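Undergrad: any chance you can model this:
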Amino acid sequence: MTIGICSDHAGYEYKSELIKYLARRGHNVIDYGTDSAASVDYADFAHPLARAVEKGIVERGIAICGTGNGMAMTLNHHKGIRAGLAWNKEVAKLVKEHNDANVLVMPARFATLTMCRIMVKTWMETEFAGGRHQRRIDKIPVKR
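TA: Numbering: from 1, shown residues only. Model prediction:
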């Protein structure tokens, strides 16, 4: 699977480690930045990731920032993006199973690297449940 990943400065260390983690599991990973722990604006990296998901360049995306909120808000302004913010394994499972999240967002300042690995693994292995959940997703307005 081809996965896009991005972070701001707060998530840079986790992003670097998650790239290695995903590559060891056989995934092709495209890094949309940032390239250091120097202070940056999360939106500068969320937009390119969102466009890559929209265009099918990557099958799924992962974004990491301090709280996860800035990335999630930015990503969800793009057509067809369902970015789900998770802070533990159970939420990572549900954002995929119930919301069919095509981007997983995690809070580097509130989750350990170990927990982020667990969340990524769980989200990657979880299937969308469909059914009543699809009906609910269909009610989310799509940006034009």
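Undergrad: contact partners for Ser36?
TA: Taking Cβ atoms under 8 Å, 6 or more residues apart in numbering as the definition of contact, the neighbours of Ser36 are His9, Tyr12. (C-beta placed from N, C-alpha, C; glycine too.)
Undergrad: swap in the one 10 residues further on?
TA: Taking Cβ under 8 Å, 6+ apart as the definition of contact, the neighbours of Ala46 are Cys6, Ala63, Gly70, Met71, Thr74, Leu75.
Undergrad: and which of these is nearest Met124?
TA: Proximity of the contacts of Ala46 to Met124 was ranked by Cβ to Cβ; the top entry is Ala63 with 14.7 Å.
Undergrad: was I right to think Phe14 contacts Leu113?
TA: Let me fix one detail, which is that residue 14 is Tyr and not Phe. Yes: between Tyr14 and Leu113 there is a contact under Cβ atoms under 8 Å: 5.5 Å.
Undergrad: higher neighbour count, the two?
TA: In terms of neighbours (other Cβ atoms under 10 Å), Tyr14 is the more surrounded of Tyr14 and Leu113; the figures are 24 against 14.
Undergrad: output the contacting helices and strands for the helix or strand harbouring that one.
TA: Here Tyr14, judged by DSSP states H and E, is contained in helix 12-24. Using 3 or more Cβ pairs under 8 Å, 6 or more residues apart in numbering; DSSP states H and E as the contact criterion, the elements in contact with helix 12-24 are strand 2-7, strand 28-31, strand 60-65, helix 113-125.
Undergrad: now, the most widely separated pair of the contacts of Ala46?
TA: Put simply, by Cβ to Cβ the two of the contacts of Ala46 set farthest apart are Cys6 and Gly70, 11.6 Å from each other.
Undergrad: more neighbours, these two?
TA: A direct count of neighbours by other Cβ under 10 Å for Cys6 and Gly70 places Cys6 higher, at 30 against 18.
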